[in-house]
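*Asks:* Provided below are the primary sequence and the corresponding predicted coordinates.
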Amino acid sequence: MTARDPGIPACAKHSKHGTSTNKPTRIAPDLLNTNPNPVAKMKDVEDFDRVFQGLYYKDGLISEIQSFRAALGGRTFFERLLMLLKIKASKMYPPKGPEQLHELHLRIVTAETTLHNKHCLVFYLLKDLSGQHHEPTELSEAFAKDVHLEKRFWTFVEGLWYLDHFQFSTAVERLTYPSIIPTFPDEIMHTLLTGRDRLNSLGMSRDPKDDILALAYYNCVKPPLEDAGVRNEFAKYLTDRNVAEMYDWIHSRPEHEQKPLLEILIEQTLEKNAWVEGPERDLYTREAKCFELVSLPFTTEEEEFIEKFLTEGRGRTFQGAQDLVMMRRIATGKLADVAADAGIRGKRVDGINWEVLKDGVKRGLGPRKDEHGFSV
């Protein structure tokens with residue numbers, strides 16, 4: 001699979017959802033039902049000694065988690081879960097020593113939330129500590145089976161854990177598991193889009209195969225992308241992969257979002273600072289992207305908006321902005337506009353002198369060049 005033709009990936013080996021569904025994802029998850037209904041007396045999860053078996057967060061593990069948290073922008077998804085469930089313990093993670101772990105556990109098991117939510121949070125902590133547990137069955141998995149935690153809950157929390165540890169491929173596989181109602185979909189998408197650029201700071205290498213994961217997650221989960229920052233990052237990512245697919249996606253968004261997204265499409269194609277560096281650029285060159293952009297079936301309103309953006313707006317400073325306008329006019333048969341353009345001063349692009357080309361168009365049109373709006 002190349003950068004130019006991403007295709008429609010399978011939903012991380014599980015879902016068969018395609019790209020045609022544009023309904024926003026329901027955010028209120030059954031997994032994290034915060035309704036403080038009375039819960040049955042817990043036996044397994046309340047027993048701190050039995051659950052943690054003498055294990056605790058040592059200095060190396062604490063330092064590692066703090067590094068991951070910094071790379072995530074200052075908050076892990078475990079801390080997001082605590083905040084969502086209104087458990088005032090986010091500053092206690094990662095717990096520094098046995099006493100703080102005991103206090104964190106106490107706040108979880110005494111919280112006003114459902115039993116399976118408490119199981120999920122403890123499962124995450126045990127996942128952190130599983131590296132210290134040398135048994136055939138992983139510590140967190142053994143706990144999940146012992147308390148009969150449903151597979152969908154267990155798998156979802158595992159997905160967040162892998163995301164917090166920058167293991168993106170495994171995270172997406174878990175987070176697209178059937179029957180999971182997504183929680184934090186926009187935040188997850190943002191991490192998939194931006195986390196790859198932070199791997200070097202963590203001493204981790206970037207796997208080119210992971211570049212498809214954000215698109216795979218989008219196709220499976222359909223995150224609402226309500227946050228403008230996340231939406232714009234996804235638009236840049238999609239343009240870098242496939243200009244035509246980006247244009248189709250723009251039309252799936254609400255009308256008030258479409259013009260800002262068109263600007264991103266233009267900028268990511270033309271602006272030098274936005275060009276992808278590395279192997280991806282060799283697979284999907286700027287020239288190929290520009291050719292696709294010129295060939296897109298813009299509506300009349302879009303055509304007018306884009307030309308104004310490139311001649312009067314912020315886009316006029318982009319490299320090749322005027323060339324794109326001229327190429328688009330020629331491609332759509334607006335030859336009178338080409339002949340009348342006074343902004344061309346002998347510029348040569350790829351061996352083509354636009355002024356010479358304009359003069360040729362003038363001669364070809366003859367008296368028709370003065371007919372406003374003439375097109376072929």
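*Replies:* Now that the structure is in, tell me what you want to look at.

*Asks:* So what touches stretch 91-111?
*Replies:* 42, 45-46, 48, 51-52, 56-57, 61-62, 65-66, 76, 78-79, 82, 85-89, 117-118, 121-122, 125, 128 (C-beta atoms under 8 Å, 6 or more residues apart in numbering). C-beta: built from backbone N, CA, C; applies to glycine.

*Asks:* which residues of the stretch 101-250 of the chain score low on pLDDT?
*Replies:* Along the stretch 101-250 of the chain, segments meeting pLDDT under 70 are nowhere present.

*Asks:* Spatially central, which residue of this structure would that be?
*Replies:* Most central residue of the chain, judged by C-alpha distance to the mean C-alpha position with C-alpha atoms, centre = their mean, is Met189 at 3.5 Å.

*Asks:* Got a ChimeraX select line for the buried ones in the contacts of stretch 91-111?
*Replies:* Paste this into ChimeraX to select the buried members of the contacts of stretch 91-111, with burial taken from 16 or more other C-beta atoms under 10 Å:
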select :45,46,51,52,56,57,62,65,76,78,79,82,85,87,89,117,118,121,122,125,128
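
*Asks:* rewinding a little: report the secondary structure element holding the residue nearest to the centre of the chain.
*Replies:* Per DSSP states H and E: Met189 is located in helix 185-194.

*Asks:* which residues touch that helix?
*Replies:* The contact list for helix 185-194, computed with C-beta under 8 Å, 6+ apart, reads 25, 27, 72, 77, 80, 163, 168, 172, 175, 182, 213-214, 217-218, 221, 223-227, 229-230, 233-234, 237.

*Asks:* Sort out which of the residues you listed are buried, if you could.
*Replies:* Applying 16+ other C-beta under 10 Å to the contacts of helix 185-194, the neighbour count classes 25, 72, 77, 80, 163, 168, 172, 175, 182, 213-214, 217-218, 221, 223-225, 230, 233-234, 237 as buried.

*Asks:* What about these, which are in helices?
*Replies:* Taking DSSP state H, the ones among those that sit in helices are 77, 80, 163, 168, 172, 175, 213-214, 217-218, 221, 230, 233-234, 237.

*Asks:* tell me the two of those residues that are most distant?
*Replies:* Put simply, by C-beta to C-beta the two of these set farthest apart are Arg80 and Tyr237, 22.3 Å from each other.

*Asks:* Now Phe298. Its backbone dihedrals?
*Replies:* Torsion angles at Phe298 (phi, psi; degrees, to the nearest 10) stand at phi -60, psi 150.

*Asks:* How about it: what's its closest non-neighbour residue?
*Replies:* Counting by C-beta to C-beta, 6 or more residues apart in numbering, Phe298 lies nearest to Ile306, which is 6.6 Å off, once chain neighbours are set aside.

*Asks:* residues contacting the one you found?
*Replies:* Shown here is Ile306, whose contacts under the criterion C-beta under 8 Å, 6+ apart are 262, 266, 298, 315, 328.

*Asks:* can you pick the most crowded of these?
*Replies:* Counting neighbours by other C-beta atoms under 10 Å, Ile266 leads those with 22 neighbours.

*Asks:* and Pro178, how many neighbours does it have?
*Replies:* 12.

*Asks:* which SSE is it in?
*Replies:* Assessed by DSSP H and E, Pro178 sits outside every helix and strand.

*Asks:* separation between it and Asp128?
*Replies:* Pro178 is 26 Å from Asp128, where distance means C-beta to C-beta, to the nearest Å.

*Asks:* can you check Ala235 too?
*Replies:* Using C-beta to C-beta, one obtains 35 Å as the distance from Ala235 to Asp128.

*Asks:* likewise Tyr237?
*Replies:* The gap separating Tyr237 from Asp128 is 30 Å, by C-beta to C-beta.

*Asks:* Check Arg107 too.
*Replies:* Arg107 is 16 Å from Asp128, by C-beta to C-beta.

*Asks:* State the helix or strand in which Ala144 lies.
*Replies:* Ala144 is part of helix 139-146, with elements assigned from DSSP H and E.

*Asks:* Thanks again, I'm all set now.
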